[in-house]
Structures are given as C-alpha cells and as structure tokens.
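Engineer: Could you look at this predicted model? Sequence included:
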Amino acid sequence: MLLYGHSREQFLAKTIFDIRPAEDRDELKEIIDLGGYEFEDRSWRHRKANGVTIDANVYTQAVTYEGRAGALVTMVDVTKRRQSEARISHMAHHDAMTGLANRSLLQLEINHALARVRYGVRHALLCIDLD
C-alpha cells in the first residue's frame, strides 16, 4: 500500500486492473479469460498512485481462508534492478565515448537476423569500412 502511494482503504477498493498501466490491461484480461492468471508467477508492470510505472515480480500461492479459495500474492519491486541491467547491457553493446553500437551488438544483431532468415524473413547487410 505504501509502495503504491494509496491508503489502505483506497488500495483495498482497487481491482488488479486499477494498478496496471492501461496499455497492459488487455493482456491481463486475456490471461484471466483463459484461466491462466490465478497462480502464475511472473513479472508485471504496476502503476502507482502518482502515475509512475514500476516493474514488479509477482508470486502467487493458492490458499484457503475461512473456507474460501483465495490467493496469497507477494510483489517485489524490481524497477531499479531492471534499470541497472539495461545500463549494463547498453555499456556492453555501445562505445563509451560515442555511444555508437559496437562489434558485440553487431554480432548479436547478425545472429538474430540469421535466426529470422530460417523462418523466411529476408534481410540485407551493408558493410562500410571507414578506415
């Protein structure tokens, strides 16, 4: 509740759709309609009271409470970890001085393109030596 910026009463009045960004709600609805939402551990984006979106790892366990089926849900905010991972990935694939893609990223992109070629996607590669 504190993490989301809502009072206890405000938070308890919300549905799962209320704490999800609008662009993610259709995916959530599809998962619920397919019956796969209940106890699936995964990462989601959640929206705080101030509109800021956070990344959350959500873990769910089936429980029975007062004779009724329910779920115990634990959420871990992993926003800063994801931002750090993105920074590290950028540093690994880009030149520190120019910010341009390096050979490592080129090789990664070539490998992805070759994988897509196997499925009939067409690609072209143009190499220019600037030396």
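Structural biologist: Cool, the structure landed. Residues are numbered from 1 along each chain as shown.
Engineer: So which bits of the helix or strand hosting A62 are buried?
Structural biologist: Assessed by DSSP states H and E, A62 sits inside strand 53-65. By 16 or more other CB atoms under 10 Å, the buried positions in strand 53-65 come out as I54, D55, A56, T60. (C-beta placed from N, C-alpha, C; glycine too.)
Engineer: care to break the chain down by domain?
Structural biologist: Domain assignment for the chain by the TED database gives 8-78, 82-118.
Engineer: Please identify which of these is closest to L126.
Structural biologist: With CB to CB as the criterion, L126 lies closest to domain 82-118 of the domains of the chain, at 12.1 Å.
Engineer: how about the strands of the protein, start to end?
Structural biologist: Remark: strands of the chain, listed N- to C-terminal, are 42-47, 53-65, 68-77; assignment by DSSP state E.
Engineer: Low-confidence regions, this protein specifically.
Structural biologist: 1, 35-40, 131 (pLDDT under 70).
Engineer: try 90 this time
Structural biologist: Per-residue confidence for the chain (pLDDT under 90) gives these ranges: 1-5, 7-8, 11-12, 14-16, 24-44, 58-63, 65, 69-75, 118-121, 123-131.
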